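Peer 1: Provided below for reference: sequence and predicted model.
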Amino acid sequence: MKRAMFVVPVWIYVLAFYVYPLVTNVRMGFLDYTVSSFYTGVAPFVGLRNYREVLHSPAFAGTVVNTLLFTAGSLLFQFGIGLALAVFFQRKFPLNGVLRALLLVPWLLPLVVSGTAWRWILETDSGVLNQTLLQLHLVDQPVPWLASTDWALIAVTLVNIWVGIPFNTVILYGGLQAIPGHLYEAAELDGAGGWQRFRRITLPLLRPVTAVVLTLGLIYTLKVFDVIMVLTQGGPADSSQTLTTYAYDLSFQQLAFGHGAAVGNVLIVVAVVFAAVYLRTERRSG
């Protein structure tokens, strides 16, 4: 009875805030759901029509490409920089712990706050970044980071990289700490250099942690919404539109709720696939 008192509230929370919205969204993807449906409760069943119309939409292909570029760029640099910092923080030096604590700040800040701060930094005319680049004579004129179709996706990707680096660093640092130090000592005695020790010892033994970090990073990056909405809202001209912002635009800007739900369901399927990969990797590493 006492155990049920603890479990029941958790299940109520999960059913109310996770299962019910998920089931509703999946169901809505197969309905012709309009504004009037909220009042009448009537939404005709249309099968896969929403999915066909979304997949054949002129904006969908570009959105998928943006999502792939955004995800690949974020994962590559988040992991690379995170691993470099994790290796760096293995060394003992003054204020090591303080610097590692400060590194967590971008991860702990609400994404809306981070996005707002970066919007100010990337402002074309008065932004700190452009003013710095101009003062250093690295550019001749301000770069329209958020107002140009050439730069918008790059800008939101850079900000997302900044947000994700602490997560990668912390997890990879923990993985590095678990590698026995005597392996490095033995390799050094055998004449192995720093790069050889890293390639032959660090990378192979870090592989289970690497798989987890990349899988979780992929799932997180696929559903990034706050940063893009605060910085560019998917613009200009859909140049920074990803599947998450596209689903929002369809549902709450165009009021095509069925189409928005269909895009959301596609994201759910992709996330579930990679979540299954993560659980399988976790089971193997355990």
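Peer 2: In hand now; what should we look at? Note that this is a predicted model, so its numbers are computed, not measured.

Peer 1: where does the prediction get shaky in the chain?
Peer 2: Within the chain, the ranges that satisfy pLDDT under 70 run 1-2, 281-282, 284-286.

Peer 1: got a list of what the closest residue in space to residue 227 that isn't next to it in sequence touches?
Peer 2: Once flanking residues are discounted, residue 227 sits nearest to residue 115: 4.8 Å by C-beta to C-beta, 6 or more residues apart in numbering. In short, each C-beta sits where N, CA and C put it, glycine included. The contact partners of residue 115, taken as C-beta atoms under 8 Å, 6 or more residues apart in numbering, are 159, 226, 227, 229, 230, 231.

Peer 1: got the residue ranges for the helices in the stretch 151-286 of the chain?
Peer 2: 152-177, 181-189, 194-197, 203-205, 207-222, 226-231, 243-248, 257-285 (DSSP state H, counting those that start in this stretch).

Peer 1: oh, that last question was meant for the stretch 1-150 of the chain, not what I typed.
Peer 2: With DSSP H, counting those that start in this stretch as the criterion, the stretch 1-150 of the chain has helices spanning 2-14, 20-28, 35-40, 49-55, 58-88, 96-103, 105-108, 111-121, 128-135.

Peer 1: for residue 258, find the nearest of those.
Peer 2: Judged by C-beta to C-beta, the one of the helices of the stretch 1-150 of the chain that comes nearest to residue 258 is helix 49-55, at 4.3 Å.

Peer 1: which two among the contacts of residue 115 are spaced furthest apart?
Peer 2: Greatest spacing in the contacts of residue 115, by C-beta to C-beta: 159 and 229 (11.9 Å).

Peer 1: which one of these two has more residues nearby?
Peer 2: Just comparing residue 159 and residue 229: by other C-beta atoms under 10 Å the higher neighbour count belongs to residue 159, 26 against 18.

Peer 1: gap between the more buried one and residue 58?
Peer 2: The gap separating residue 159 from residue 58 is 27 Å, by C-beta to C-beta, to the nearest Å.

Peer 1: what about residue 203, distance to residue 196?
Peer 2: Applying C-beta to C-beta, the value for residue 203 to residue 196 is 11 Å.

Peer 1: oops, could you answer that again for residue 101 instead?
Peer 2: Separation of residue 101 from residue 196 (C-beta to C-beta) stands at 32 Å.
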